[in-house]
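# can't give you the sequence, but here's the structure:
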């Protein structure tokens, strides 16, 4: 499949699409490919605040309109389903998807290259470019570094492969961490800080043993509120918002609870299948969106997390019962 991706990149007029409210992992992936293979970048439904800042600071060209039929090849990066584009686009079977999320089965394309185990799509793109023998110039490497930083919470969720890829890119053009941090730092705006405060004020929680799951409804910045809830002591957090008839839930979990077997991407994908919504993501960070009642979805998320906590408690009880008492053979 990697050879098929490289063959598509080798020639013709190309455009690279990123998901709605594109983050830096999506944009870093798109920009590196665009520089390495001479392609346009199209963000059909905007970018998040950090990405807008990086795009402006680095002078990354992003087109505002796009006739897909005018391109020989269409690439889509860091996007687990067509719904995440949030645009009325007809994606042909000849399109190429490059991703790192849990596959949703919703892409009807001939070339689907997904490395689910990678912590960022930028790592996957780095592999693609190296396999194709394409140059990763200084700007492309910086964009990839920013994308990796963004999707790993400044390397908090990095694994050994992530760190090796990150070090390779730094060494390639002599970057220091200060330079990468300077462009990838994303201090909260006053509106984001207010949203977090309001979200924490709406927080509800429950527990099984020492495991805590928290939920909240907010107006925006769901991911930021969820991160703040985990930082405040929750093992798992679900935060919902509603815009018109559409709801969105963002979730976060501690690495400790992920290590015990929770996979938020699987949880959200399962709920999406049951409710006709679009859900998925990573083990420690995932989301779901659709048409319906956000409170009802939060209740379902809470129920699934509590079931998982009970399974942990039951395993601990069984383990304790089967362990010999002190002094007994």
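Alright, I've got the coordinates. Being a predicted model, the structure only gives us computed values, none of them experimental.

# What is the longest helix of this protein by residue count?
Longest helix in the chain by number of residues (criterion: DSSP state H): helix 294-322.

# mean confidence for that helix?
Mean pLDDT, computed over helix 294-322, is 90.

# And stretch 211-226, by the same measure?
Rounded mean pLDDT across stretch 211-226 is 93.

# May I see the buried residues of it?
Across stretch 211-226, burial judged by 16 or more other C-beta atoms under 10 Å covers 211-218, 220-226. All C-beta atoms are positioned from the backbone trio N, CA, C, and that covers glycine.

# In helices, which of the residues you listed appear?
Filtering the buried residues of stretch 211-226 for helices - DSSP H - leaves 222-226.

# still on that earlier bit, between all of the buried residues of stretch 211-226, which two are separated the most?
211 and 220 (28.1 Å; C-beta to C-beta).

# Surely residue 308 touches residue 264?
No. Here residue 308 lies out of contact with residue 264, judged by C-beta atoms under 8 Å, at a distance of 10.2 Å.

# The two - which one has more neighbours?
Applying other C-beta atoms under 10 Å to residue 308 and residue 264 shows that residue 264 carries more neighbours, namely 29 against 22.

# Stretch 5-21: which residues count as buried?
Using 16+ other C-beta under 10 Å as the test for burial, stretch 5-21 gives 5-6, 8-9, 14-20.

# likewise stretch 82-98?
82-87, 89, 91, 95-98.

# What helix or strand is residue 25 located in?
Secondary structure from DSSP states H and E places residue 25 in helix 24-37.

# Now do the longest helix of the chain: distance to the chain's middle.
Offset of helix 294-322 from its chain centre (C-alpha atoms, centre = their mean, to the nearest Å): 24 Å.

# repeat for stretch 249-262
Averaging C-alpha positions (C-alpha atoms, centre = their mean) puts stretch 249-262 14 Å from its chain's average.

# what comes into contact with it?
By C-beta atoms under 8 Å, 6 or more residues apart in numbering, the list of residues contacting stretch 249-262 from outside reads 156-157, 211, 222-223, 225-227, 229-230, 235-240, 264, 267-268, 281, 283-289, 294, 297-298, 301, 305, 308, 312.

# doesn't residue 109 fall inside a helix?
No. Going by DSSP: H, G, I helix; E, B strand; the rest coil, the assignment for residue 109 is coil, not a helix.

# shouldn't it be in contact with residue 94?
Yes. Here residue 109 reaches residue 94: they are 7.4 Å apart, a contact under C-beta under 8 Å.

# Spit out the residues that contact these two alike.
By C-beta under 8 Å, 6+ apart, no residue touches both residue 109 and residue 94.

# what residue ranges in the protein score low on pLDDT?
Scanning the chain for pLDDT under 70 picks out 323-329.

# Leaving out sequence neighbours, find the closest residue to residue 159.
In space, and not counting its chain neighbours, residue 159 is closest to residue 119: 6.1 Å by C-beta to C-beta, 6 or more residues apart in numbering.

# and the gap between residue 125 and residue 167?
Residue 125 is 17 Å from residue 167, where distance means C-beta to C-beta, to the nearest Å.

# Residue 148 now?
Applying C-beta to C-beta to residue 148 and residue 167 gives a distance of 11 Å.

# More neighbours: which of the two?
residue 148 (29 against 11).

# Identify the residues contacting the strand or helix carrying that one?
Using DSSP H and E, the element containing residue 148 is helix 138-151. For helix 138-151, contacts defined as C-beta under 8 Å, 6+ apart pick out 23-29, 31-32, 35-36, 50, 54, 58, 60, 119-123, 125-126, 129, 136, 155, 158, 162, 165-166, 169-170, 172-173, 175, 179-181, 183-184.

# for stretch 216-234, same thing?
Counting by C-beta under 8 Å, 6+ apart, 188, 191-192, 195-196, 198-200, 202-205, 212-214, 236-242, 248-254, 285, 287, 294-295, 298 sit against stretch 216-234.

# Can you show me the strands along the stretch 151-300 of the chain?
With DSSP state E, counting those that start in this stretch as the criterion, the stretch 151-300 of the chain has strands at 204-208, 211-217, 236-243, 246-253, 278-281, 285-291.
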